[in-house]
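Chemist: Predicted model, plus sequence, below.
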Amino acid sequence: MTDEQNAGFHDPSDAAVFGARLGRRQVVAGAAATAAATMTGFFTASAASADPATSTPRDQQGVTPPVSGLHTQFGSDARHEVVVSWHTLEPVHEARVLLGTTYGYRRSFRAVTRTYVDGKSGSTVYAHHARLTGLQDDSEYLYLATHAGADAEGGSFRTAPHGRAAFTFTSFGDQGTPTVGKKVTNADGTTVMANDNLGSFAAGDTTLGVERVQPLFHLFNGDLCYANLATDRIRTWWDFWANNSRSARHRPWMPSPGNHENELGNGPIGYAAYQTFFELPAATGQTDTTRGLWYAFTVGSVRVISIANDDVCYQDGGDSYVRGYSHGAQKRWLESALRDAAHDVAVDWIVICMHQVAISTADQFNGADLGIREEWLPLFDRYGVDLVVCGHEHHYERSHPIRGRRDNRTRTPIPRATDTEVVDTTRGTVHMVIGGGGTSAPSNQLFFDPPACRVITGVGAKGSNGKRTPVYVHEDAPWSAVRNPAHSYGFAAFDVDPGHHGGKTSITVTYYDVTGVGGQLTPYESFRLERPRRH
Ligand SMILES: [Fe+2]
Ligand SMILES: [Fe+2]
């Protein structure tokens, strides 16, 4: 990438397009700017399409793929860098983002296009990523994404604050899509349209639930849309982004890959779709095959480290069995990332975003994976990880702060405190299973009573489903703190309070049940994580 691309460039015609869109809104300032722009048509191309001045020129054929699935990601320094992304099924020209604020156009940034060929349909997906650099911290931006001939789609984002500051982030996993994507023939010969992945109507509600909270960013802890199960994988991805663009165009959605991102025939280890749709911070030790699968970024005093658990899990949960694919590279990177975070006086909180779990008290579902306990938990202990958000189990539960392990077959984690309202994370790491993002297969009805855990300690020969059969060992679950058997869907919100120099910092965690149309929310529980500030 050249310096000109990196810094952006000023384009008079882009400035005119941006200005025309902006001209539709009334002049407002501060926090009300986004709402005003929404009301007056800045964001949606359809509102502007009647006015040629707000669109870029049509191509010669007059048929142009629209900007689809607009979404954002933070760069590794979330104060100064955001990537804006969208995708098409055809190649496009002049893919770029027009960046400005409520005061007007600033500059444009060219997008880099990445592609993959879906191994099932043979279709090529083109994902366009514009890296916006040189941004001001703690600032609200407006942008338009476009390519030659397309109506510009608008979005907004807020950059991370400088230093210790209050902010909110959210997390869920295991969503699917709320759409129909295939035709099913009944026994009587009639046909109905049905969902083509593991989704449900709730997969749309959870997105709007997140929008009610309006976090600075959202951590998607894996199993995004289950495209690997779909007859039409491309449509499932399209629908996933159409649903989540409603939120992700306004706040970065930062993912970790789940086992259902492993798609047969898509790249050497199956993650080509995930790696193409997302443009995530770079990390050492990655190859073309593993690019984007693990990364870190910092917001305020929170260092988020996102990791890819198929690399260490015993369970055969994807389209192909890829355990060990990084040959230790991810673990080496993770240890160095954790060491950096633990030694950085600007970092108070280390948060891990990952998919498969070290703890679960559901019976007859996936269970916990010994691979995570063997490979990751000793590192979490050594470097004092405060919080883990994960999914894979399609319900909500959390652990007490855990550190160390019993000397048994399952390496049972040891709880270091039992207060469920206030948790001192210097005692251990709190694991939160937040897998109620919207699937048609919830697991909240499957809890062991009293709490217990099935741990996958290995795999045997392939069973009738073509997967390696898991070897389960049961344990009791002294680490189990809170479980939500009553509701299937929801997400967690994390309110970071930076505290004061020499005192404590806290994160107030609220788990919301998503209870209906439009993302209606009912708080299920709230508790506080706290720890001394490092500075
Ligand atoms: Fe899942
Ligand atoms: Fe999963």
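Modeler: Looks like it came in fine. Ligands and ions are numbered 1, 2, ... in the order given.
Chemist: which residues does residue 138 contact?
Modeler: 79, 158, 159, 160, 161, 162, 165 (Cβ atoms under 8 Å, 6 or more residues apart in numbering). Every residue, glycine included, has its C-beta placed from N, CA and C.
Chemist: Among the residues you listed, which ones are in strands?
Modeler: Per DSSP state E, strands hold the following members of the contacts of residue 138: residue 158.
Chemist: For the longest helix belonging to the chain, name the packing helices and strands.
Modeler: In the chain, taking DSSP state H as the definition, the longest helix is helix 233-248. Contact here means 3 or more Cβ pairs under 8 Å, 6 or more residues apart in numbering; DSSP states H and E; on that basis helix 233-248 packs against strand 68-74, helix 202-213, helix 272-277.
Chemist: Tell me what angle it forms with helix 202-213.
Modeler: If you take axes from the mean of the first three to the mean of the last three Cα atoms, to 10 degrees, helix 233-248 sits at 20 degrees to helix 202-213.
Chemist: which residues are in contact with helix 233-248?
Modeler: By Cβ under 8 Å, 6+ apart, helix 233-248 touches 68-72, 87, 89, 118, 120-121, 123, 125, 175-179, 181, 196-197, 203-204, 207-208, 210-211, 218, 224-227, 230, 253, 263, 273, 277.
Chemist: Drop anything exposed from those residues.
Modeler: Buried members of the contacts of helix 233-248, scored by 16 or more other Cβ atoms under 10 Å, are 68-72, 87, 118, 120, 125, 175-179, 181, 196-197, 203-204, 207-208, 210-211, 218, 224-227, 230, 253, 263, 273, 277.
Chemist: Find the helix or strand that the residue of the stretch 51-200 of the chain found nearest ligand 1 is a member of.
Modeler: When scored by Cβ to the ion, the stretch 51-200 of the chain has residue 174 as its residue closest to ligand 1, at 3.7 Å. Following DSSP states H and E, one finds residue 174 outside all helices and strands.
Chemist: same thing with residue 16?
Modeler: Under the assignment here (DSSP H and E), residue 16 is part of helix 12-22.
Chemist: pull the CA atoms of that helix into PDB?
Modeler: Taking Å, rounded to 0.1, in the frame of the first residue of the first chain, the C-alpha atoms of helix 12-22 are listed here in PDB:
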ATOM      1  CA  PRO A  12     -13.400  16.900  -5.400                       C
ATOM      2  CA  SER A  13     -16.200  14.700  -6.800                       C
ATOM      3  CA  ASP A  14     -16.200  12.600  -3.700                       C
ATOM      4  CA  ALA A  15     -16.400  15.800  -1.700                       C
ATOM      5  CA  ALA A  16     -19.400  16.800  -3.700                       C
ATOM      6  CA  VAL A  17     -21.100  13.400  -3.200                       C
ATOM      7  CA  PHE A  18     -20.400  13.500   0.600                       C
ATOM      8  CA  GLY A  19     -21.500  17.100   0.900                       C
ATOM      9  CA  ALA A  20     -24.800  16.500  -1.000                       C
ATOM     10  CA  ARG A  21     -25.700  13.600   1.300                       C
ATOM     11  CA  LEU A  22     -24.700  15.600   4.400                       C
END
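Chemist: what packs against that helix?
Modeler: Contacts defined by 3+ Cβ pairs under 8 Å, 6+ apart place helix 12-22 against strand 96-101, strand 104-117, strand 140-146.
Chemist: what residues does the shortest one touch?
Modeler: Residues outside strand 96-101 that contact it (Cβ under 8 Å, 6+ apart) are 8, 11, 14-15, 17-18, 22, 84, 105-111, 130, 132, 139-147, 152.
Chemist: how far is that strand from where the chain is centred?
Modeler: Chain-centre distance of strand 96-101: 23 Å, with Cα atoms, centre = their mean, to the nearest Å.
Chemist: OK, contacts around the residue of the chain positioned farthest from its centre?
Modeler: Within the chain, the residue lying farthest from the chain centre (Cα atoms, centre = their mean) is residue 188, at 41.4 Å. Listed by Cβ under 8 Å, 6+ apart, the contact set of residue 188 is empty.
Chemist: Good, wrapping up.
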